[in-house]
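1. here's my sequence, what's the structure:
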Amino acid sequence: MPSSSEVIAAVRRAVAARTPLDERERASVARVLEELDRLPEPLSEHADTVHLTGSAVVVGPRGLLLHRHKRLGLWLQPGGHIEPGETPWDAARRELREETGIDAKPAVRPPDHLVHVDVHPGPRGHTHLDLRYVFTGPDADPRPPPGESPDVRWFGWEEAEAVADPGLIAVVRALRLPDS
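-> Got it, this is the predicted structure:
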């Protein structure tokens, strides 16, 4: 298990290496790099109202997996806070399982390959520095457990683009295959 400082160094390298997909991601990359310099514990949701989160952008035979966030009411990719001792890419996979009941595999190697960065308001006045990783999902129906949003489903690419949160649109377009 990598140390917290090793994880933060890996995140910094990955974020600095991003070629932003649009102006929103360009601003998000700059903000994440600024916050990594400022925050003493960027992986902890309890250390500051601004912190890193990990999200899973899940693609599969049926398109893109989204869930309606139970507090925000937006169609988003599964994701959330990073637990102690966890990496952002491991948090993305754990949150995916917890929120949808789907177990997916990283779509690229290494599994820490960052596909998108977005900074956005989270619940309870937090600001999420969201690190997004792509996963390949099975052709299976989501089965969210009790307490999670029951609104989880696969969307075709056009429909996903129409309903997804605006901060997700650039990565949806980038991941969409030309003939899908």
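
2. most centrally placed residue in the chain?
-> Geometric centre of the chain, nearest residue: S55, 1.9 Å, by Cα atoms, centre = their mean.

3. ok, and the closest non-adjacent residue to that residue?
-> Leaving aside its sequence neighbours, S55 sits nearest to G79 (Cβ to Cβ, 6 or more residues apart in numbering; 2.8 Å). Heads up, the C-betas are built off the backbone N, CA and C, glycines and all.

4. report how many residues lie close to that neighbour.
-> Number of residues near G79 (other Cβ atoms under 10 Å) recorded here: 26.

5. ok, it - contacts?
-> T53, G54, S55, A56, A91, A92, E95, L96, D130, R132 (Cβ atoms under 8 Å, 6 or more residues apart in numbering).

6. roughly how far apart are P106 and K70?
-> Distance of P106 to K70, given as Cβ to Cβ, to the nearest Å: 26 Å.

7. my bad, R97
-> For R97 relative to K70 (Cβ to Cβ), the value is 16 Å.

8. now compare the contacts of G79 and name the two farthest from each other.
-> For these, the maximum inter-member distance is 13.8 Å, found between L96 and D130 (Cβ to Cβ).

9. in terms of neighbours, single out the busier of these two.
-> Shown here are L96 and D130; by other Cβ under 10 Å, L96 has more neighbours (28 against 25).

10. pretty sure the more buried one is in a strand, no?
-> No. The assignment for L96 (DSSP: H, G, I helix; E, B strand; the rest coil) gives helix, which keeps it out of a strand.
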